[in-house]
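K.L.:
Predicted model follows, preceded by the sequence.
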Protein chains: 2
Amino acid sequence: MSALSVEDLRGGIPESRHQVSVAVTDADGRLIAHAGQPDLRTFMRSAAKPFQALPVIEDGAADRFALSSEELALACASHNSERRQVELVRGLLARIGCGESDLACGPHRPLSQDLALPTERDAASDDVPRSPVASNCSGKHGAMLALARHHGWTIEGYERAEHQVQGRCRDTMARWTGLSPSDIGEAVDGCGVVTFAVPLRAMATAFARLARSDEAAPRRVVAAMTGHPDLVAGRGRPCTALMQAYPGRLLTKVGAEGVYGAALLDRGLGIALKVEDGHTWAAVVALIAVLGALDVEPAPANVLPRFASPELRNTRGVVVGCMESRGGIASAD
Amino acid sequence: MSALSVEDLRGGIPESRHQVSVAVTDADGRLIAHAGQPDLRTFMRSAAKPFQALPVIEDGAADRFALSSEELALACASHNSERRQVELVRGLLARIGCGESDLACGPHRPLSQDLALPTERDAASDDVPRSPVASNCSGKHGAMLALARHHGWTIEGYERAEHQVQGRCRDTMARWTGLSPSDIGEAVDGCGVVTFAVPLRAMATAFARLARSDEAAPRRVVAAMTGHPDLVAGRGRPCTALMQAYPGRLLTKVGAEGVYGAALLDRGLGIALKVEDGHTWAAVVALIAVLGALDVEPAPANVLPRFASPELRNTRGVVVGCMESRGGIASAD
């Protein structure tokens, strides 16, 4: 068994360590490479968003309400609450006859404050009022409301497990992961909707299928995310930087608690990883290491060294250490 | 080998897991109980504060400047930036002829926002301007400035490894841990001063000696911390709640990156624990579990259930899961 971990070094001395499990598969679910426990069951959290957006397109809601590629990108986003991102969600809500008070997601401080590189983030988003429409998940919620409107389902409670919207998401996750719905664990996500627990191998398979599928809905999701990487996350964020660095070749989607899903679009491979302890930045470091081990060219650690080995700064802004990956993935037999 | 871990459960399904190493020793350094790697070397971070305060007393600075018991408690604190805490530090600085601009620590948002229970924290500290004097370490920095003033050392650079103040702290840590100074790892702490890396067993020994020593300086530190638990951390914080719940019998000190030091004052035992991945709340859950396993009465999990198994809430304030300890410590042979 291969082991991948990420260390926090302070003055060159290891301070903390994060164990990582990884599955890399093809679209048939064959394990190509792995580290740790590739069958570890974990919640996909926001890494499920590209799949949660699919029924909105498949059922006709996206066409009915003329969702733009930008709006679809936001449906798949964990955005920074940047002004343009929030304005786009407001526009979508107005077009489907919903208001901000219909959003079930809760307010939180902008993700950029914790998940963007301090030197690159858009400080303006700090001033966006904390409200449901500024939730990093507001695009997904807007798209779910569009799906409910389209079908004539009640708006109230669209986030709950028993609502038809979540049923469509559940069936979609089952289809793309190849699991039966009863094998998918469920709980409440940070934003209030249903979140799905699946083995990493199944999650990687879903991303590989996203890369390979010739159906219209997944093609639109892939085009939206890779066409608007600035909307899927935001300034200073790894998903945005990675999809900008490998245009049309790489799709990545972060999830809370140390989760990453990714697809090598030109090779039809899916990647799913989970930092065992949930550390968000360790997941970034691990993803860069995995992409490098899969011979993505040019080498991600050279293209994005700030994400391959992020600096750790103290309250004075002084660099006191860095994060580094250890070990790696092994090819499956 | 015994294993202790803490799980984050979402809707009853494990989402993340934190491995914990623990050493429990007596004042002679004998290992009484352990989990994981009791010889793991880790940075003490703020758990070193009770020891960093000792030279201030031993060298006469505390008497020279008439440091109160409250001010000594703040010297040992990772405080919440509550108004009274900040005002006390301001008073100390004025008395030693220093200003806020002499503080080397940097600003940060109040610890209460991340480390206090949401339902119990003092929201007023959110309004305290972010400045060095509101740093959670400002009491320690004030005491270090007092030490420099007392000796007539330069104020400038008091936080650096080569300054006499840090030399006194280094020698003090060596004496209390029983290590030679050259065996203690060093790096820059979150607030800019020197932080010390030692094996957990040595750190536990230092806390056990704090409980057992009959010297004046450690007795004053113990009296200050146990006499003013509200100043050592603040409202909604585990250190404050624990020392209030077991008055005079328990001393605890949190450190960043999942570190806890503690002393069972009535039994002369020291505890040092480190969450391998640095998770702060996992350290709280682990400490409660260790205290329970050491038969502290009444059982900490009953007295402080909110710290034994903290609720996890989402952005809407809805409880979506909890944290729970798994496994435990084993008695040493």
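P.N.:
That came through, no problem. Numbering: from 1, shown residues only, chains lettered A, B, ... in the order given.
K.L.:
Strands of the stretch 101-250 of chain A, start to end?
P.N.:
A:185-188, A:194-199, A:250-255 (DSSP state E, counting those that start in this stretch).
K.L.:
Adding distance to chain B and mean pLDDT as columns, could you present the ones you listed in TSV?
P.N.:
(C-beta placed from N, C-alpha, C; glycine too.) Shown next, in TSV, are those (distance: least, Cβ to the nearest Cβ, whole Å; pLDDT from 0 to 100):
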stretch	distance to chain B	mean pLDDT
strand A:185-188	3	98
strand A:194-199	5	98
strand A:250-255	11	98
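K.L.:
Pick the most deeply packed of the ones you listed.
P.N.:
strand A:250-255 (a mean of 26; mean count of other Cβ atoms under 10 Å in any protein chain shown).
K.L.:
now for the helix or strand immediately after that one in the chain, which elements pack on it?
P.N.:
Downstream of strand A:250-255, the first helix or strand assigned by DSSP states H and E is strand A:259-264. On a contact count with 3 or more Cβ pairs under 8 Å, 6 or more residues apart in numbering or on different chains; DSSP states H and E, strand A:259-264 meets helix A:200-212, strand A:250-255, strand A:269-275, helix A:280-293.
K.L.:
Report the separation between residue A:246 and residue A:304.
P.N.:
10 Å (Cβ to Cβ, to the nearest Å).
K.L.:
how about the helices of the stretch 51-200 of chain A, start to end?
P.N.:
For the stretch 51-200 of chain A, applying DSSP state H, counting those that start in this stretch gives helices covering A:54-58, A:61-64, A:69-75, A:83-95, A:112-115, A:138-151, A:164-177, A:200-212.
K.L.:
So what touches the fifth one?
P.N.:
So the one you mean is helix A:112-115. Contacts with helix A:112-115, where a contact means Cβ atoms under 8 Å, 6 or more residues apart in numbering or on different chains, come from A:80-82, A:121-122, A:125-126, A:233-238, A:254, A:280.
K.L.:
rerun at 6 Å
P.N.:
With contacts defined as Cβ atoms under 6 Å, 6 or more residues apart in numbering or on different chains, helix A:112-115 is touched by A:80, A:121, A:125, A:234, A:237.
K.L.:
Run through the stretch 151-300 of chain A and note the low-pLDDT ranges.
P.N.:
Applying pLDDT under 70 to the stretch 151-300 of chain A flags no residue at all.
K.L.:
Show me which residues of it are close to chain B?
P.N.:
Neighbours of chain B within the stretch 151-300 of chain A, by Cβ under 6 Å from any Cβ of the partner chain: A:185, A:187, A:188, A:190, A:191, A:192, A:197, A:257, A:276, A:277, A:278.
K.L.:
coming back round to it: indicate which one of the strands of the stretch 101-250 of chain A is closest to residue B:323.
P.N.:
strand A:185-188 (14.3 Å; Cβ to Cβ).
K.L.:
What helices and strands are in contact with the closest one?
P.N.:
Counting contacts by 3 or more Cβ pairs under 6 Å, 6 or more residues apart in numbering or on different chains; DSSP states H and E, strand A:185-188 is packed against strand A:194-199.
K.L.:
who does the strand it packs on pair up with?
P.N.:
Strand A:194-199 sits in its sheet next to strand A:41-43 (antiparallel), strand A:185-188 (antiparallel), going by DSSP bridges.
K.L.:
Could you list the residues in contact with that strand?
P.N.:
By Cβ under 6 Å, 6+ apart, strand A:194-199 touches A:39, A:41, A:43-45, A:48, A:161, A:166, A:173, A:177, A:184-187, A:189, B:13.
K.L.:
Out of those, flag the one nearest to residue A:8.
P.N.:
Looking across these and measuring by Cβ to Cβ, the closest to residue A:8 is residue A:45, at 22.3 Å.
K.L.:
Pull the contacting residues for the nearest residue to that closest one once chain neighbours are set aside.
P.N.:
The shortest distance from residue A:45 to any residue other than its chain neighbours is 3.5 Å, reached at residue A:255 (Cβ to Cβ, 6 or more residues apart in numbering or on different chains). For residue A:255, the contacting residues are A:44, A:45, A:46, A:47, by Cβ under 6 Å, 6+ apart.
K.L.:
same thing but 8 Å
P.N.:
Taking Cβ under 8 Å, 6+ apart as the test, what residue A:255 contacts is A:43, A:44, A:45, A:46, A:47, A:48, A:78, A:261.
K.L.:
The first one contacts residue A:186, correct?
P.N.:
No - counting by Cβ atoms under 8 Å, residue A:186 is not a contact partner of residue A:43; they are 9.1 Å apart.
K.L.:
related to what we said a few turns ago, for the helices of the stretch 51-200 of chain A, give me JSON lines that also has mean neighbour count and distance to residue B:219.
P.N.:
Formatted as JSON lines, those follow (neighbours: other Cβ atoms under 10 Å in any protein chain shown; distance: least, Cβ to Cβ, whole Å):
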{"stretch": "helix A:54-58", "mean neighbour count": "24", "distance to residue B:219": "67"}
{"stretch": "helix A:61-64", "mean neighbour count": "18", "distance to residue B:219": "71"}
{"stretch": "helix A:69-75", "mean neighbour count": "25", "distance to residue B:219": "61"}
{"stretch": "helix A:83-95", "mean neighbour count": "19", "distance to residue B:219": "57"}
{"stretch": "helix A:112-115", "mean neighbour count": "19", "distance to residue B:219": "42"}
{"stretch": "helix A:138-151", "mean neighbour count": "25", "distance to residue B:219": "56"}
{"stretch": "helix A:164-177", "mean neighbour count": "20", "distance to residue B:219": "60"}
{"stretch": "helix A:200-212", "mean neighbour count": "27", "distance to residue B:219": "54"}
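K.L.:
Would you mind saying which of those helices lies nearest residue B:224?
P.N.:
helix A:112-115 (34.4 Å).
K.L.:
give me the beta-bridge partners of the closest residue to residue A:271 other than its chain neighbours?
P.N.:
Leaving aside its sequence neighbours, residue A:271 sits nearest to residue A:262 (Cβ to Cβ, 6+ apart; 4.2 Å). Counting by DSSP bridges, residue A:262 forms beta bridges with residue A:252, residue A:271.
K.L.:
Distance to residue A:3 for the helices and strands packed on strand A:259-264 - can I get that in a markdown table?
P.N.:
Shown next, in a markdown table, are those (distance: least, Cβ to Cβ, whole Å):
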| stretch | distance to residue A:3 |
| --- | --- |
| helix A:200-212 | 15 |
| strand A:250-255 | 22 |
| strand A:269-275 | 13 |
| helix A:280-293 | 11 |
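K.L.:
Check the offset of stretch A:27-39 from the chain's centre.
P.N.:
For stretch A:27-39, the separation from the chain centroid amounts to 19 Å (computed by Cα atoms, centre = their mean, to the nearest Å).
K.L.:
now, which of the contacts of strand A:194-199 sits nearest residue A:60?
P.N.:
Taking those together and measuring to residue A:60 by Cβ to Cβ, the closest member is residue A:166, at 18.5 Å.
K.L.:
Which residues are in contact with that closest one?
P.N.:
Residue A:166 neighbours (Cβ under 8 Å, 6+ apart): A:158, A:159, A:160, A:193, A:194.
K.L.:
and residue A:9, how many neighbours does it have?
P.N.:
Residue neighbour count, defined by other Cβ atoms under 10 Å in any protein chain shown, stands at 17 for residue A:9.
K.L.:
Up against chain B, what does the stretch 1-150 of chain A have?
P.N.:
A:8, A:10-13, A:15-19, A:41-43, A:104-108, A:135 (Cβ under 8 Å from any Cβ of the partner chain).
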